[in-house]
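Asks: what's the 3D shape of this:
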Amino acid sequence: MAVFMSFTAYYIFKLVSNGPGKKTRVSFAAFISGYLSLVTAAILTSIELGIQPMIASTADGKALYCPYNLSIAIPAMAIEHLLFFGIVEGIITAIIVSYFLKSEPGMIYAFRKGGKDETG
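Replies: Take a look at the predicted model:
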């Protein structure tokens, strides 16, 4: 989850912020990247949990770890992350990025010299 979410957030932010620009665009990019990365990580986690009954079960067919299949696990994780937790994550991410834009704009790669990331 953490690896996928981090890379997803980074590349979505980089795509949406589109280099140096207005601070509102960067804040919007932070919100979208926080929201989408959390939602996609939650859906991938629900897939991992949902396939558990298919790959790990006892001799009598009972699931060893997660007892819910994909038809239950995906909606249970996706709905709450799409409607609540993803929005909260996006807001918190946008607030933190806005704070850094005000206090240390060089920490946001879109506002570094030439808008380039130091890694590339």
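Asks: what sits up against the lowest-mean-pLDDT helix or strand in the chain?
Replies: Lowest on mean pLDDT, DSSP states H and E among the helices and strands of the chain sits helix 52-55, with a mean of 87. Identification of contacts with helix 52-55 by CB atoms under 8 Å, 6 or more residues apart in numbering yields 63-69. Heads up, the C-betas are built off the backbone N, CA and C, glycines and all.
Asks: I'd like those laid out as TSV, including distance to T8 and neighbour count.
Replies: Putting the contacts of helix 52-55 into TSV (distance: CB to CB, whole Å; neighbours: other CB atoms under 10 Å) gives the following:
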residue	distance to T8	neighbour count
A63	29	15
L64	30	11
Y65	25	10
C66	23	16
P67	29	13
Y68	25	15
N69	25	15
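Asks: which two from these end up farthest apart in space?
Replies: Spatially, the most separated pair among the contacts of helix 52-55 is L64 and N69, at 13.6 Å (CB to CB).
Asks: Give me the three-state assignment for D60.
Replies: What DSSP: H, G, I helix; E, B strand; the rest coil gives for D60 is coil.
Asks: so what pLDDT did it get?
Replies: Per-residue confidence at D60 stands at 85 (pLDDT).
Asks: Neighbours of it, how many?
Replies: Neighbour count for D60, taken as other CB atoms under 10 Å: 5.
Asks: P67 versus that one, what's the distance?
Replies: 13 Å (CB to CB, to the nearest Å).
Asks: which residue is nearest the centroid of the chain?
Replies: S37 (1.6 Å; CA atoms, centre = their mean).
Asks: For that one, which residues are in contact?
Replies: Neighbouring residues of S37 by CB under 8 Å, 6+ apart: 4-6, 8-9, 12, 89.
Asks: Break down the protein into its helices, ranges please.
Replies: Using DSSP state H, the helices of the chain run over 2-17, 23-50, 52-55, 70-80, 86-103.
Asks: Most tightly packed of those helices?
Replies: Per-stretch averages of neighbours, counted by mean count of other CB atoms under 10 Å, single out helix 23-50 among the helices of the chain, with a mean of 20.
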